[in-house]
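**Student:** fold the following, please.
(2 chains)
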Amino acid sequence: MSLLDVENLRVTFPVDGGPDVRAVDGVDIAVEPGEIHGLVGESGSGKSVTARSVMRLLDGAVVEADRFDYRGEDLYAKSEAEMRTIRGDDIGMVFQDSMSALNPVMTVGEQIAEVVRHHGDVDESAGLLSELRRKYVTGTSETAPSWRRAVELLETVGIADPADVATTYPHQLSGGQRQRVMIAQALGGDPSLIIADEPTTALDVTVEAGILDELRRLCDEMDVSILLITHDLGVVAETCDSVTVMYSGSVMERASTEQLFQHPAHPYTKGLLRSVPEGGATDGELTTIPGSAPEPTERPDGCPFRDRCPAAFEACADPLPEHVVDAGHATRCHLYTERDDPGEVAWDADADIDAGVTAVTDDSGEPSPTEVTDG
Amino acid sequence: MSSTTDNTTTDDDATDARPRELLQAANVKKHFPLNEGLIDRLLGDDRVVRAVDGVDLTVHAGETVGIVGESGSGKSTLGRTLSRLYEPTDGSVVFDGQHIETHSGRELRPIRRRIQYVFQDPMSALNPRKTVGQSVARPLEVHDIASGDEKWKRVADLFEEVGLGPSQLDAYPHELSGGQRQRVGLCRALVTEPDLVVFDEPVSALDVTLQAQILNLINRLQREFDLSYLLISHNLNVVRQVCDRIAVMYAGEIVERGATADIFENPQHPYTRSLLDAIPQIDGDGTRADRKGLDGEPPSATNPPSGCRFHPRCPEFIDGSCPGQKPSLQDVEGDAGHEAACHWLDRSEAERAAHTPPSTTEREVIRSESADD
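**Tutor:** Down below sits the predicted model:
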């Protein structure tokens, strides 16, 4: 059984005096126990909204789904009180910007200890009065079990001198250390799932490598599943076991990391992979996807990618199909359901100038999809 | 125009003729006082942040020079100092044969027209209360280049050049997407027909598909308008894609520089090697590469480490000479124009692999011993 199993998720934000914004439009997501699942997409693709819907952190949005199961139980049938326990006890969250996610006027040890008392396995009162006393008068005693656990957790996430770091304030730490503190905090309640929303985007590459290693190690050694939201395919390649590619509120492709990078199926995934600047050709032009993603209110019918897709044809205006490419590898592209041979997608390096114009230029010698069927 | 521009080589025969030096910086320093208050000064607090601490750099006409480094390495400060948005604390900046390091106000005006700056975040670089057309047209008025119909024609032509439509002239910045805004940022920089454009993280705020569009555009504009570029980025892949030469900065200094291919294929400084190792790879065989991070944090710019500034974090730390003496840039054998600042350049790969770096405390002991000598 999947740890998290979401089917046909739709998230709509009502807008005063305007059309509603459907940020997520029919998304399926499954996270298996003990894996790191990547959720990739450009900004505005709905990946963060999808992740936050799992924590029920979307105020004012209308969330609908055919299924929204965590460990086989419907998350949206829970009461707010039950949900408060689940957030932290079962599902932890790591945000992108540690400076705004951590409390600037509490020591980091105090912040982790608080999570441990509320969600973790310690015998210490977390009642309102004792919390207030700790917060404003005494602070957590350094001999208290929750504090000792906080120091332990800091050590777990690779902080040197954890006892000293526990007594510091967030602004005294570097970006990489703060990110580790947030991971320690998310671990405070021994969750089975951690949702990490762009956890390394604000960090330098040298520091990023360490944080990703840490996530990988937690997953392998502590039996935590991670839903990793990122826009960076390099991060996916390095960290994830499986991936969901999102575009403009819909899932385009779902595969194991290996399948996705070796045999990308959807034209969008192919374009995305080829637009990453990578070594090798230094004088060559990068392949680009023309235009930019549509506004949620201006999505075309059918496939949201069809205005930018060089392989688009009539059927693309129909609702998205689901095509299984291989075991564990599915794509939602009409090329696979309507055509015998989906062919190769020819991306034009110069297409960026004619933003929005669908161009099928073929200078690679590969047959373009249209030619495949006509011939 | 100065006389040096007249003997410029054309693109076609640039192969063996040495291209002219457009910008030459020698020993440039930019220090910021930590406390500027009167009381602090009276109390003798003269601590400074050594953001840029003695940099030599040359940009030839028609080439793209990249500056890479972690945040806090001083790369943006260097870019701003060379384009004279900051006044250097020390050193000389020569632009097209003219010393500009002490220019101020009126003297800088013609230089401002010829050196333009593209910022990372076009949303904060563009005036939110002016249409983007007005923002792009403004430098033409300021520099008395064009007015009236001629001005608008130039702006419209440039918009077309970067892939924006005429209808977008009247748009406000918030009405455009991130990629369109960065195109406007390019227009605003190019409208004065500059010789040198400094890009500060031009694509860092953009999605990867838009990054590719903008990088291709930057490349094409360089060919069409015969521009020289100084490009600052923390993203090595971006730098690799567009730059002819690269300078790697660490703690306010250049630790290695050379042709792009040499830096990527034959990196010499341990810091450069660490940076390259840290790049996430998507070669995509499904096996995770053993990506190495770098322990520790970039050092304090107020009180930088002695000797080689990288010694507290260096995975190839050898002995007392690392914290003891400051290495200078030395030629790397076999590569033209490739230099690195390390005491231990000539070690073989086998030697490096067999080396176990000392721990932080061991380094501290070695450092204090070398300081006593």
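
**Student:** rest of the way, CA atoms for contacts and neighbours
**Tutor:** Fine.

**Student:** A:Pro277 against B:Val239, yeah?
**Tutor:** No: A:Pro277 is not in contact with B:Val239 according to CA atoms under 8 Å; the separation is 9.1 Å.

**Student:** could you list the low-confidence segments of the stretch 251-375 of chain A?
**Tutor:** Counting by pLDDT under 70, the stretch 251-375 of chain A contains low-confidence residues at A:278-284, A:346-375.

**Student:** name the next helix or strand downstream of the lowest-mean-pLDDT helix or strand in chain B, please.
**Tutor:** Averaged element by element with mean pLDDT, DSSP states H and E, chain B has its least confident helix or strand at helix B:38-42 (a mean of 76). Remark: after helix B:38-42, the chain's next helix or strand is strand B:48-60, criterion DSSP states H and E.

**Student:** look up how far A:Val31 lies from the closest residue to chain B within the stretch 251-375 of chain A.
**Tutor:** Nearest to chain B, among the residues of the stretch 251-375 of chain A, is A:Glu258, at 4.0 Å (CA to the nearest CA). Taking CA to CA, to the nearest Å as the measure, A:Glu258 falls 17 Å from A:Val31.

**Student:** in terms of neighbours, single out the busier of those two.
**Tutor:** Of the pair A:Glu258 and A:Val31, A:Val31 is the one with more neighbours under other CA atoms under 10 Å in any protein chain shown, namely 22 against 19.

**Student:** now do the phi/psi pair for the more buried one.
**Tutor:** Here is the backbone geometry of A:Val31 (degrees, to the nearest 10): phi -120, psi 120.

**Student:** contacting residues around B:Ala251?
**Tutor:** The neighbourhood of B:Ala251, defined by CA atoms under 8 Å, 6 or more residues apart in numbering or on different chains, consists of B:51-52, B:72-74, B:298-301, B:304, B:309.

**Student:** whoops, A:Val116 was the one
**Tutor:** Contacts here follow CA under 8 Å, 6+ apart; on that basis A:Val116 touches A:122, A:146, A:149-150, A:188-189.

**Student:** who wins on neighbours among the residues you listed?
**Tutor:** Each of the contacts of A:Val116 was scored by neighbour count (other CA under 10 Å); the top score is that of A:Ala150, with 30 neighbours.

**Student:** work out for me the element A:Asn8 sits within.
**Tutor:** Secondary structure assignment for A:Asn8, by DSSP H and E: strand A:4-13.

**Student:** what's the answer for B:Phe317, then?
**Tutor:** When secondary structure is defined using DSSP H and E, no element contains B:Phe317, which sits outside every helix and strand.

**Student:** again, but for A:Ser100
**Tutor:** Using DSSP H and E, the secondary-structure element containing A:Ser100 is helix A:98-101.

**Student:** same deal with B:Arg223?
**Tutor:** With elements delineated by DSSP H and E, B:Arg223 resides in helix B:208-225, which encompasses its position.

**Student:** list the residues that contact residue 185.
**Tutor:** Defaulting to chain A. When the contact criterion is CA under 8 Å, 6+ apart, the partners of A:Gln185 are A:111-112, A:115, A:153.

**Student:** can you look at chain B instead?
**Tutor:** Listed by CA under 8 Å, 6+ apart, the contact partners of B:Gly185 are B:118-119, B:122, B:125-126.

**Student:** distance check, it against chain A.
**Tutor:** Using CA to the nearest CA, to the nearest Å, one obtains 16 Å as the distance from B:Gly185 to chain A.

**Student:** did I read that right, that residue in a helix?
**Tutor:** Yes: counting by DSSP: H, G, I helix; E, B strand; the rest coil, one finds B:Gly185 located in a helix.

**Student:** show me the domain layout of chain A.
**Tutor:** According to automatic domain parsing, chain A comprises the domains A:4-244, A:248-374.

**Student:** let's have those domains in a markdown table, adding distance to B:Gln168.
**Tutor:** Supplementary listing: the domains of chain A in a markdown table, determined by distance: least, CA to CA, whole Å:
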| stretch | distance to B:Gln168 |
| --- | --- |
| domain A:4-244 | 22 |
| domain A:248-374 | 13 |
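
**Student:** of all the ones you listed, which one is nearest B:Asn266?
**Tutor:** Proximity to B:Asn266, assessed across the domains of chain A by CA to CA, is greatest for domain A:248-374 (13.5 Å).

**Student:** so which bits of the stretch 101-250 of chain B are right by chain A?
**Tutor:** Proximity of the stretch 101-250 of chain B to chain A is confined to B:162-163, B:179, B:207-213, B:215-217, B:234, B:237-238, B:240-242 under the rule CA under 8 Å from any CA of the partner chain.

**Student:** where is pLDDT lowest across the contacts of B:Gly185?
**Tutor:** Of all the contacts of B:Gly185, B:Pro122 carries the smallest pLDDT score, 83.

**Student:** so which elements touch the longest helix anywhere in chain A?
**Tutor:** As assigned by DSSP state H, the longest helix anywhere in chain A is helix A:205-222. Counting contacts by 3 or more CA pairs under 8 Å, 6 or more residues apart in numbering or on different chains; DSSP states H and E, helix A:205-222 is packed against helix A:175-187, strand A:225-230, helix A:233-239, helix B:270-277.

**Student:** what does the pLDDT read for B:Arg18?
**Tutor:** According to the prediction, B:Arg18 has pLDDT 67.

**Student:** residues contacting the closest residue to chain A within the stretch 1-150 of chain B?
**Tutor:** Nearest to chain A in the stretch 1-150 of chain B, going by CA to the nearest CA, is B:Glu70, at a distance of 5.9 Å. Going by CA under 8 Å, 6+ apart, B:Glu70 touches A:204-205, B:234, B:249-250, B:298.

**Student:** reformat the residues you listed as JSON lines; add neighbour count and distance to A:Glu322.
**Tutor:** Putting the contacts of B:Glu70 into JSON lines (neighbours: other CA atoms under 10 Å in any protein chain shown; distance: CA to CA, whole Å) gives the following:
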{"residue": "A:Asp204", "neighbour count": "19", "distance to A:Glu322": "38"}
{"residue": "A:Val205", "neighbour count": "27", "distance to A:Glu322": "36"}
{"residue": "B:His234", "neighbour count": "22", "distance to A:Glu322": "39"}
{"residue": "B:Met249", "neighbour count": "24", "distance to A:Glu322": "49"}
{"residue": "B:Tyr250", "neighbour count": "24", "distance to A:Glu322": "50"}
{"residue": "B:Pro298", "neighbour count": "19", "distance to A:Glu322": "48"}
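
**Student:** same list, those, but as a markdown table with distance to A:Thr287 please.
**Tutor:** Formatted as a markdown table, the entries for these read as follows, by distance: CA to CA, whole Å:
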| residue | distance to A:Thr287 |
| --- | --- |
| A:Asp204 | 26 |
| A:Val205 | 24 |
| B:His234 | 22 |
| B:Met249 | 30 |
| B:Tyr250 | 32 |
| B:Pro298 | 35 |
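
**Student:** quick one, strands of chain A?
**Tutor:** Using DSSP state E, the strands assigned to chain A run over residues A:4-13, A:21-31, A:36-40, A:62-64, A:67-70, A:73-74, A:91-94, A:193-197, A:225-230, A:242-247, A:250-256, A:323-326, A:329-331.

**Student:** what pLDDT, on average, does the second one get?
**Tutor:** To tie it back to what came earlier, the one meant is strand A:21-31. Mean per-residue pLDDT for strand A:21-31: 93.

**Student:** dump that strand to PDB, restricted to CA.
**Tutor:** Coordinates of the C-alpha atoms in strand A:21-31 are reproduced here as PDB (Å, rounded to 0.1, in the frame of the first residue of the first chain):
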ATOM      1  CA  VAL A  21      -8.000  29.900 -10.400                       C
ATOM      2  CA  ARG A  22      -7.600  26.200 -10.700                       C
ATOM      3  CA  ALA A  23      -4.000  25.700  -9.600                       C
ATOM      4  CA  VAL A  24      -4.100  21.900  -9.600                       C
ATOM      5  CA  ASP A  25      -6.300  20.200 -12.200                       C
ATOM      6  CA  GLY A  26      -6.500  16.500 -11.800                       C
ATOM      7  CA  VAL A  27      -3.300  15.300 -10.300                       C
ATOM      8  CA  ASP A  28      -2.500  11.700  -9.100                       C
ATOM      9  CA  ILE A  29       0.400  11.300  -6.700                       C
ATOM     10  CA  ALA A  30       1.600   8.300  -4.900                       C
ATOM     11  CA  VAL A  31       4.500   8.100  -2.400                       C
END
